[in-house]
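Student: below are the sequence and a predicted model for it; my questions follow.
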Amino acid sequence: MLLRAGGPSGGRQHLRTTGLAVLAFAITTALALSTLGGLHAFQTRAATSSAFQDFYGDTYVQYAWIAVTLLMVPLISLGGAAARLGVSRRDARLATLRLLGATPREVVVLTVVETAWQGLVGAVIGVVGYIVLLPVWTLVPFQGGHLSLSELWVGPQVLLPPVVVPVLAAMSAGSTLRRVVVSPLGVAQRTTPAGLRVVRVIVMGIAVLGFFVAASMRGGEEATIVLVIVGMLAAVLGSLNLVGPWLIGRFGKALVQRAQTAPTLLAARRLVDDPKGAWRIVGGLALASFLAAILSIIPMLDRMERMDPHEQIFNQDLVTGGLLTLVITFVVAACSAGITQAAAVLDRRREYALQTLAGVPVELLDAVRRREALLPLVFVSGASAGLGLLMIVPFLGALALAPSGLLLLGVCLGLGGLLVYAASEVSGPLLRTVLSETSVRPD
């Protein structure tokens with residue numbers, strides 16, 4: 001295919017990028033099915049008749065829906081990032097085809113077909129991963145015992161990912177083609193796209209306000225109120241993906257003015273030039289940090305007075321479910337950071353080759369790559385955790401800032417940040433491999 005042209009070096013890069021995209025789709029599918037399996041298990045148990053289920057069954061289902069909402073946002077973000085892996089080099093090739101006479105329809109079809117089959121392969125592997133993980137999830141204690149394989153099995157829904165994931169992947173990839181179709185010359189010349197607008201912050205402010213309004217609703221049906229709250233919480237999480245790139249762009253501009261070293265200055269310039277790309281690396285950590293702040297009330301739940309064994313089981317399950325959700329979110333964030341930064345290194349192969357031929361030391365390029373991940377990582381984790389605390393303070397007051405909760409939050413941010421940073425460091429050896437291939441393509 002024309003998209004894969006370029007000799008052995010270009011072919012190897014294409015295979016690497018394709019492998020990263022398939023891996024991301026597989027992780028997204030496996031964890032999404034596992035999350036829905038947990039919801040299915042609690043719904044199955046709530047339908048049975050017992051003293052415990054009659055009193056707590058619906059509550060478990062409601063909290064399971066909240067967990068699904070919290071986990072689906074970073075999983076969808078990872079899937080969207082997978083569809084955009086290698087986007088700048090792909091866009092450069094497609095822009096060349098447009099300038100050579102290819103029609104917009106041909107450009108779109110090439111992209112959709114390539115991304116859709118990556119999504120299909122990843123989804124199939126993800127379904128297999130979900131089946132492999134089922135015995136692992138049965139080890140997690142809930143309701144005084146363990147969930148069974150039959151309860152965690154989602155049934156016919158397991159056939160949906162191989163259909164849905166390729167469609168969503170194709171739509172996500174197609175949404176990036178506007179510049180190629182409308183302005184192929186600008187893409188080919190590598191001109192910087194227009195900056196992000198402050199309207200993104202306004203959208204997030206509306207989502208946060210809507211959450212507060214929904215959480216203060218009284219007098220309606222409990223199920224309806226919970227549904228509205230969950231919907232607004234999903235809107236807040238989704239708006240993080242809108243405002244995040246804008247904040248990173250502003251953060252990068254501030255760093256440019258205050259940078260004291262060459263690696264920091266170059267990293268800051270990259271943040272300003274491509275804030276969306278930087279957000280795709282650390283966006284998962286932002287969502288995980290937000291969730292960690294929301295779940296910082298866990299220590300207080302664990303110390304609540306227990307009136308009977310059923311309440312003791314319920315409180316312990318809240319702690320277990322919260323920690324499990326948090327661990328999965330940080331794992332997704334680490335996978336997203338590692339895969340996305342590795343793809344970014346492959347994306348900049350031509351740029352790295354030119355810099356190496358110009359005499360730029362390998363150590364400098366590696367330091368820039370490291371700071372490009374570390375600086376926004378620290379910034380977005382702190383900002384997102386602050387937003388999470390802001391959202392629970394009106395409901396819990398001083399309890400939201402209890403020392404035990406803040407200690408848990410600090411530990412989660414520290415360990416989660418180290419995990420994400422370690423995952424991003426996987427791209428270090430890849431960078432050195434790319435730098436060893438100093439041939440420069442004319443595109």
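Tutor: Thanks, I have the structure now. Worth saying up front: this structure is predicted, and the values here are computed from it rather than measured.
Student: and the host helix or strand of residue 318, how far from the chain's centre?
Tutor: Taking DSSP states H and E as the criterion, residue 318 maps to helix 309-347. With CA atoms, centre = their mean, to the nearest Å as the basis, helix 309-347 stands 11 Å off its chain's centre.
Student: C-terminal to it, what's the next element?
Tutor: Next along from helix 309-347, by DSSP H and E: helix 349-357.
Student: so for that next one, mean pLDDT?
Tutor: Helix 349-357 carries an average pLDDT of 79.
Student: flag every buried residue along it.
Tutor: 349, 350, 352, 353, 355, 356 (16 or more other CB atoms under 10 Å). (C-beta placed from N, C-alpha, C; glycine too.)
Student: over to stretch 255-273?
Tutor: Neighbour counts over stretch 255-273 (16+ other CB under 10 Å) mark 255-256, 259, 263-272 as buried.
Student: list of residues touching that stretch?
Tutor: With CB atoms under 8 Å, 6 or more residues apart in numbering as the test, stretch 255-273 has contacts from 192, 248-249, 251-253, 278, 364, 367-368, 370-372, 375-376.
Student: now do stretch 122-130
Tutor: 21-30, 32-34, 37, 82, 158, 161-162, 164-166.
Student: try 6 Å this time
Tutor: The contact list for stretch 122-130, computed with CB atoms under 6 Å, 6 or more residues apart in numbering, reads 22, 25, 26, 29, 30, 33, 34, 158, 161, 162, 165.
Student: what comes up buried for that stretch?
Tutor: Those would be 122, 123, 124, 125, 126, 127, 129, 130, for stretch 122-130 by 16+ other CB under 10 Å.
Student: how many neighbours does residue 392 have?
Tutor: Neighbours of residue 392 under the rule other CB atoms under 10 Å: 19.
Student: continuing past the helix or strand harbouring it, what's the next helix or strand?
Tutor: Taking DSSP H and E as the definition, residue 392 sits inside helix 362-396. Using DSSP H and E, the next helix or strand after helix 362-396 towards the C-terminus is helix 403-424.
Student: what helices or strands is whichever helix or strand comes after that next one leaning on?
Tutor: Note on helix 403-424: by DSSP H and E, the next helix or strand toward the C-terminus is helix 427-435. Using 3 or more CB pairs under 6 Å, 6 or more residues apart in numbering; DSSP states H and E, the elements in contact with helix 427-435 are helix 309-347, helix 349-357.
Student: and the ones you listed, which is most packed in?
Tutor: Of all the helices and strands packed on helix 427-435, helix 309-347 carries the top mean neighbour count, a mean of 21, counting by mean count of other CB atoms under 10 Å.
Student: which strands and helices sit next to that helix?
Tutor: helix 7-46, helix 51-83, helix 275-294, helix 298-302, helix 403-424, helix 427-435.
Student: dump the ones you listed to a markdown table, plus mean pLDDT, distance to residue 323 and mean neighbour count.
Tutor: Below are these laid out as a markdown table (pLDDT from 0 to 100; distance: least, CB to CB, whole Å; neighbours: other CB atoms under 10 Å):
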| stretch | mean pLDDT | distance to residue 323 | mean neighbour count |
| --- | --- | --- | --- |
| helix 7-46 | 80 | 14 | 21 |
| helix 51-83 | 82 | 11 | 20 |
| helix 275-294 | 84 | 10 | 28 |
| helix 298-302 | 66 | 7 | 16 |
| helix 403-424 | 84 | 9 | 18 |
| helix 427-435 | 78 | 29 | 18 |
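Student: can you lay out those helices as CSV showing distance to residue 225?
Tutor: Putting the helices and strands packed on helix 309-347 into CSV (distance: least, CB to CB, whole Å) gives the following:
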stretch, distance to residue 225
helix 7-46, 18
helix 51-83, 10
helix 275-294, 18
helix 298-302, 21
helix 403-424, 25
helix 427-435, 45
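Student: looking at these, which is closest to residue 313?
Tutor: Of all the helices and strands packed on helix 309-347, helix 51-83 sits nearest to residue 313, with 7.5 Å by CB to CB.
Student: against residue 268, how distant is residue 63?
Tutor: For residue 63, the distance to residue 268 equals 42 Å [CB to CB, to the nearest Å].
Student: again, but for residue 402
Tutor: Taken as CB to CB, the span from residue 402 to residue 268 is 37 Å.
Student: wait, residue 286 sits on residue 380?
Tutor: Yes - taking contacts as CB atoms under 6 Å, residue 286 lies within contact range of residue 380: 4.2 Å.
Student: ok, the contacts of stretch 255-273 vs residue 140, which is closest?
Tutor: After measuring those against residue 140 - CB to CB - the closest member comes out as residue 376, at 32.9 Å.
Student: pull the contacting residues for that closest one.
Tutor: Neighbours of residue 376 in contact, by CB under 6 Å, 6+ apart: 248, 278, 282.
Student: can you give me the pLDDT of it?
Tutor: pLDDT recorded at residue 376 is 89.
Student: again with the one 4 residues further on
Tutor: Residue 380 is assigned a predicted lDDT (pLDDT) of 88.
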